[in-house]
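> Everything below, folded, please.
(one chain, ligands or ions: 1)
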Amino acid sequence: MRIDIITVQPALLDGPLNHSMIQRAKDKGFAEIHIINLRDYALNRYGQVDDYQFGGGAGMVLMCEPLAKAIDSLKAERSYDEVIYTSPDGELWNQKAANALSLKNNIIILCGHYKGIDERIRNLYVTKEVSIGDYVLTGGELAAAIISDSIIRLLPGVLGNEESALTDSFQDGLLAPPVYTRPAEFRGMKVPEVLLSGNFKLIEEWRMSQAEQRTRERRPDIYNQYYNDTQAH
Ligand code: 6GU
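Down below sits the predicted model:
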């Protein structure tokens, strides 16, 4: 899979996508991430990529021409499955959306900045608008990193244990159950007996009931969805 991220702040993406699991996914050839500096497509030698908004008001808007040039030059090389725009007014990002995008080959992520991008670019090029939550960020770069991370870790082979993505929180519609490691007793607190029993059927039942209980208590919205889905089967 290839992800091209168009941004006016490439440095913000240096850290999060160049370490740990995502770096390993790139090293192993499962994912390619290319950071495109929008200023390489600036209008003039001053590097201009934004301008005041028509109608007045505070805040700059990313201009049509640099964005169109940047996207066109990528599209001249290969076809893209999605052009994603990161913005607080997009659709809320979730595991289902990450699963769907992990099946694509090439995607562009356009990072919003300042007041956003000219509406005509959204109409002409953008196929999907994504928000990562109901709060405002200074720019879309951190959102692009989160979107990329959540997609790439789902690609087959990226996680060491193939099963571990399947047992994530949300993957079966529930939050994950509690986990424990050594020591079996810490400051008088013992690991639940069942986990030491070696009885895998009992362990599986315990984990399922813990996951259900935790989801019911913490995220009734998710629990109701899960409950309705399992009743329907
Ligand atoms: Cl995707 N971008 C910005 N700038 N703010 C956000 C967001 C995205 N998602 C939530 N807040």
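> which other helices and strands contact the longest helix along the chain?
Among the segments of the chain that qualify as a helix by DSSP state H, the longest is helix 200-218. When contacts are defined as 3 or more C-beta pairs under 8 Å, 6 or more residues apart in numbering; DSSP states H and E, helix 200-218 packs onto helix 220-232. Yep, even glycine has a C-beta here, placed from its N, CA and C like the rest.
> contacts for the helix it packs on?
Helix 220-232 is contacted from outside by Phe170, Gly173, Leu174, Leu175, Glu212, Thr215, Arg216, using C-beta atoms under 8 Å, 6 or more residues apart in numbering.
> which helices and strands sit right next to the helix or strand where Ile121 lies?
Element membership for Ile121, per DSSP states H and E: helix 119-124. Under the contact definition 3+ C-beta pairs under 8 Å, 6+ apart, helix 119-124 sits against helix 64-75.
> Which residues does the helix it packs on contact?
Helix 64-75 is contacted by residues 4, 6, 36, 38-43, 49, 80, 83, 108, 110, 117-118, 120-121, 124-125 when judged by C-beta under 8 Å, 6+ apart.
> cool, stretch 175-183 as well?
Residues contacting stretch 175-183 (C-beta under 8 Å, 6+ apart): 167-169, 191-192, 195, 206-208, 210-211, 214-215, 218-219, 222.
> residues of the longest strand anywhere in the chain that come out buried?
Ordering each strand of the chain by length in residues (DSSP state E) puts strand 82-92 first. Neighbour-count burial for strand 82-92 flags Val83, Ile84, Tyr85, Thr86, Ser87, Pro88, Gly90 (criterion: 16 or more other C-beta atoms under 10 Å).
> Need the residues that contact that strand.
For strand 82-92, the external contacting residues (C-beta under 8 Å, 6+ apart) are 71, 97, 101, 104, 107-112, 116-117, 122, 125-137, 140, 143-144, 147.
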